[in-house]
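**Q** have a look at this fold, sequence not included:
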């Protein structure tokens, strides 16, 4: 499949999206062994495990070390306990102390976490959005609590975009289809362009990410398509996207890679290695450009179960002009 060459777009048309799957939840422990375990009422709106909180702490240290925490303009979270805990744990402030000028992002022991309260000071604004929830229906772990319950646990998160206190989207005997979830994901992507913020962190779910991203990249090399869909399934992993608005809503994905190896001329070591593996057809359009991709500092080894790895992938969403 042919890939188009490099393109230039105005910077003001760009948004950077940092996609994060929540850390390990209680339902994941048994659900990964037996899928039917997710049907148990025991896992209603499942909270994070202790390992999940370790994953949150690891990612929090990483986003602070690399400076990402200072660049985020907005944090969007799915309104389920495991995503809200992950969001405030990774991108929130330090430990909370009582004061009148700032509410805590999370109260102490929220969701029986045993964790201290988290401050909203020196952190970006947080909003909860139902469009980026996991599949609706059937699985109790994917049913949310009342918004009023969340407002008590997460006082500084904005829940005003959620229209009903009770979860009217979750049905006990009807599971949302993958086609419906994909359509919701694309609606969410379009909704992001109503926001003024330029750099946004989105804390959501593996199913939502997989089916939404699977709608992109059909006009790319199959290797790129595979990268788009298969690299966000590990717990508490963060990947970076650049979304471009060309006043249309039809998108096409082209992979390009942010890496931390040293440059050799204009061709990174990673590209040279790919050429040796016979992937020249996919990478050739990028090798012809003189643009240098910015190196991104990130861990070179996996930390616990967080699967950070030596690189970030940055998927450039290029809108197809009409």
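**A** Thanks, I have the structure now. Note that the structure is predicted; figures quoted are calculated from it, not measured.

**Q** quick one, what contacts residue 81?
**A** Neighbour list for residue 81: 45, 46, 47, 48, 111, 145, 150, 153 [criterion: C-beta atoms under 8 Å, 6 or more residues apart in numbering]. From N, CA and C alone the C-beta is placed, and that goes for glycine too.

**Q** dihedrals phi and psi, the fourth one?
**A** Here the main-chain torsion angles of residue 48 (degrees, to the nearest 10) amount to phi -70, psi 150.

**Q** next, count neighbours for it.
**A** Applying other C-beta atoms under 10 Å, we find 28 residues neighbouring residue 48.

**Q** so how far is residue 196 from it?
**A** Per C-beta to C-beta, to the nearest Å, residue 48 is found 31 Å from residue 196.

**Q** same question for the fifth one.
**A** Here the distance between residue 111 and residue 196 works out to 31 Å (C-beta to C-beta).

**Q** of those two, which one has the most company?
**A** residue 111 (20 against 8).

**Q** which one is that one nearest to, not counting chain neighbours?
**A** Distances taken as C-beta to C-beta, 6 or more residues apart in numbering place residue 47 nearest to residue 111, at 3.8 Å, with adjacent residues excluded.

**Q** residues contacting the one you found?
**A** Neighbouring residues of residue 47 by C-beta under 8 Å, 6+ apart: 25, 26, 81, 82, 85, 111, 112, 113.

**Q** tell me the buried residues in the strand or helix carrying the fourth one?
**A** In other words, residue 82. Using DSSP states H and E, residue 82 sits in helix 81-91. By 16 or more other C-beta atoms under 10 Å, the buried positions in helix 81-91 come out as 81, 82, 83, 84, 85, 86, 87, 88, 89, 90, 91.

**Q** take those residues and lay them out in TSV including pLDDT.
**A** Conversion of the buried residues of helix 81-91 to TSV gives the following (pLDDT from 0 to 100):
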residue	pLDDT
81	98
82	97
83	98
84	98
85	98
86	97
87	98
88	97
89	97
90	96
91	97
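
**Q** I'd like to know which of the residues you listed is nearest to residue 159.
**A** Nearest to residue 159, judged by C-beta to C-beta, of the buried residues of helix 81-91 is residue 84 at 9.9 Å.

**Q** residue ranges with poor pLDDT in the stretch 51-200 of the chain?
**A** Applying pLDDT under 70 to the stretch 51-200 of the chain flags residues 98-101.

**Q** please redo it, this time with the cut-off set to 90
**A** 94-102, 122 (pLDDT under 90).

**Q** so residue 91 touches residue 122, yeah?
**A** No: taking contacts as C-beta atoms under 8 Å, residue 91 lies outside contact range of residue 122: 10.8 Å.

**Q** and whatever helix or strand residue 185 lives in, what's buried?
**A** Remark: residue 185 resides in helix 178-192, with elements defined by DSSP H and E. Neighbour counts over helix 178-192 (16+ other C-beta under 10 Å) mark 181, 182, 184, 185, 186, 188, 189, 192 as buried.

**Q** do I have it right that residue 71 meets residue 199?
**A** Yes: using C-beta under 8 Å, residue 71 is in contact with residue 199, at 5.2 Å.

**Q** and the two? Which one has more around it.
**A** A direct count of neighbours by other C-beta under 10 Å for residue 71 and residue 199 places residue 199 higher, at 17 against 14.

**Q** skip the chain neighbours and tell me the closest residue to that one.
**A** residue 16 (4.6 Å).

**Q** that neighbour: what secondary structure?
**A** strand (DSSP: H, G, I helix; E, B strand; the rest coil).

**Q** ditto for residue 76
**A** strand.

**Q** need the contact list for residue 158.
**A** 125, 126, 127, 128.

**Q** give me the spatial nearest neighbour of the third one, chain neighbours excluded.
**A** Read it as residue 127. Closest to residue 127 by C-beta to C-beta, 6+ apart is residue 158, at 4.4 Å.

**Q** with residue 50 as the reference, measure out to the one you found.
**A** 28 Å.

**Q** and the next element down the chain from the helix or strand residue 58 falls within?
**A** Secondary structure assigned from DSSP H and E places residue 58 in helix 50-65. As assigned by DSSP H and E, the chain's next helix or strand after helix 50-65 is helix 68-71.

**Q** touching, residue 40 and residue 140? I think so.
**A** Yes: Residue 40 is within contact range of residue 140, at 6.8 Å (criterion: C-beta under 8 Å).

**Q** coming back round to it: quick one: the helix holding residue 58 to helix 81-91, angle?
**A** 30 degrees (axes from the mean of the first three to the mean of the last three C-alpha atoms, to 10 degrees).
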